[in-house]
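Visitor: below: sequence and its predicted model.
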Amino acid sequence: MLPSDPISKYLGVTIVRKLNYCKYLEGCANKIAKRNCILRKLARTTWGASQSALRTSTLALCYSAAEYCTPVWTRSPKNETG
């Protein structure tokens, strides 16, 4: 018999037995926060990162992580928190 796991991870998305995305969203928020710290350091440098470079970096690092799987969990009937 296969062991039952209350939290599963498929294609990078964490799903709990309640079929809500709370754990996934917590992990996504942590990932984006870490990436935002990198971007803040890049924006505060004296050697000057251009606005275009900052925008491209933000889209590549943060927006892509935040957007992944969004169409699925926003349409889920069980997308409550908790």
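Guide: That came in fine, so what should we check first?
Visitor: C-alpha only now, for contacts and for neighbours.
Guide: OK.
Visitor: identify each buried residue in whichever strand or helix holds E26, please.
Guide: Element membership for E26, per DSSP states H and E: helix 22-43. Neighbour counts over helix 22-43 (16 or more other CA atoms under 10 Å) mark 22-25, 28, 32, 35, 39, 42-43 as buried.
Visitor: closest one of the residues you listed to Y10?
Guide: Nearest to Y10 among these, counting by CA to CA, is Y24 at 10.7 Å.
Visitor: hmm, back to that, want to throw the buried residues of helix 22-43 into JSON lines with pLDDT and distance to P6?
Guide: JSON lines is the format used below for the buried residues of helix 22-43 (pLDDT from 0 to 100; distance: CA to CA, whole Å):
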{"residue": "C22", "pLDDT": "74", "distance to P6": "13"}
{"residue": "K23", "pLDDT": "77", "distance to P6": "11"}
{"residue": "Y24", "pLDDT": "76", "distance to P6": "13"}
{"residue": "L25", "pLDDT": "78", "distance to P6": "16"}
{"residue": "C28", "pLDDT": "83", "distance to P6": "19"}
{"residue": "I32", "pLDDT": "89", "distance to P6": "25"}
{"residue": "R35", "pLDDT": "90", "distance to P6": "29"}
{"residue": "L39", "pLDDT": "86", "distance to P6": "35"}
{"residue": "L42", "pLDDT": "82", "distance to P6": "39"}
{"residue": "A43", "pLDDT": "83", "distance to P6": "41"}
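Visitor: what's C62 in contact with, if anything?
Guide: Applying CA atoms under 8 Å, 6 or more residues apart in numbering to C62 gives the contacts 32, 35-36.
Visitor: ranges for the helices of this protein?
Guide: In the chain, the helices defined using DSSP state H lie at 22-43, 51-58, 64-67, 70-74.
Visitor: so can I have CSV of the ones you listed showing distance to I7?
Guide: Converted to CSV, the helices of the chain look like this (distance: least, CA to CA, whole Å):
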stretch, distance to I7
helix 22-43, 9
helix 51-58, 30
helix 64-67, 20
helix 70-74, 16
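Visitor: hmm, R40 and L54 touching each other?
Guide: No: with contact defined as CA atoms under 8 Å, L54 does not reach R40; the gap is 9.5 Å.
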